[in-house]
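Chemist: here you go, sequence then predicted model.
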Amino acid sequence: MFHSLQEFYTTWKHESASTLSLFERLTDESLDHKVWAEGRTLARLANHIIESLSELPSKLQLGIEEEHPDHHTVAALLKNYKESSDTLIEAIKTKWTDASLLDKNNMYGQEWKNSFSLWALVAHQIHHRGQMTVLMRQAGIKIPGLYGPAKEEWEAMGRKALV
């Protein structure tokens, strides 16, 4: 959980940059990749990450309307993610103070403090980025190191990747 809005902004800056870095590695052709017939495609996972930037915050009295994007190009995914992220941050900066983090809202049938809701939003994004990295590797896309070097980045440094 976050104890100040500045903690959230610092975390969000890193996590949103990581998401954009991952999205930038996608290709339009890779967006249809999935593991099994009923599984999510890379496009669906990316769109789900974007929709979570409005779906969860729409319940937090931020004036954000829930959206359900269905983009099928990397350019559209990048544009919509950036816009949705900027909208979220601007709404928080405009409507909340640090004290707002202690306010509670009904989230999925439970009372969550806003500080926990923001943490859940970050964790949710990280979770789905992890799913995307697996699909991206299966699709032959090199992934960026998000919390340290990826395999190819270790090798570029002349070091053996930890596998």
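Modeler: Looks like it arrived, so ask away. Numbers count the residues shown, from 1 in each chain.
Chemist: quick check: chain neighbours aside, which residue is closest to Ala139?
Modeler: His33 (4.1 Å; Cβ to Cβ, 6 or more residues apart in numbering). Just so you know, the C-beta spots here come from the backbone N, C-alpha and C atoms, and that holds for glycine as well.
Chemist: can you map out the helices along the protein?
Modeler: All helices of the chain, identified by DSSP state H, fall at 5-25, 42-55, 74-95, 114-138, 151-156.
Chemist: quick check, pLDDT for the residue nearest the centre of the chain.
Modeler: Nearest residue to the geometric centre of the chain (Cα atoms, centre = their mean): Gln125, 3.4 Å. As predicted, Gln125 sits at a pLDDT of 98.
Chemist: I figured it hits His14, correct?
Modeler: No. Judged on Cβ atoms under 8 Å, Gln125 makes no contact with His14 at a distance of 11.2 Å.
Chemist: excluding chain neighbours, what is closest to Asp70?
Modeler: Asn47 (6.0 Å).
Chemist: list the residues that contact the one you found.
Modeler: His68, Pro69, Asp70, His71, Leu77 (Cβ atoms under 8 Å, 6 or more residues apart in numbering).
Chemist: and the second one, its phi and psi?
Modeler: Listed backbone geometry of Pro69 is phi -70, psi 150, with angles given as degrees, to the nearest 10.
Chemist: neighbours around it, how many?
Modeler: 18 (other Cβ atoms under 10 Å).
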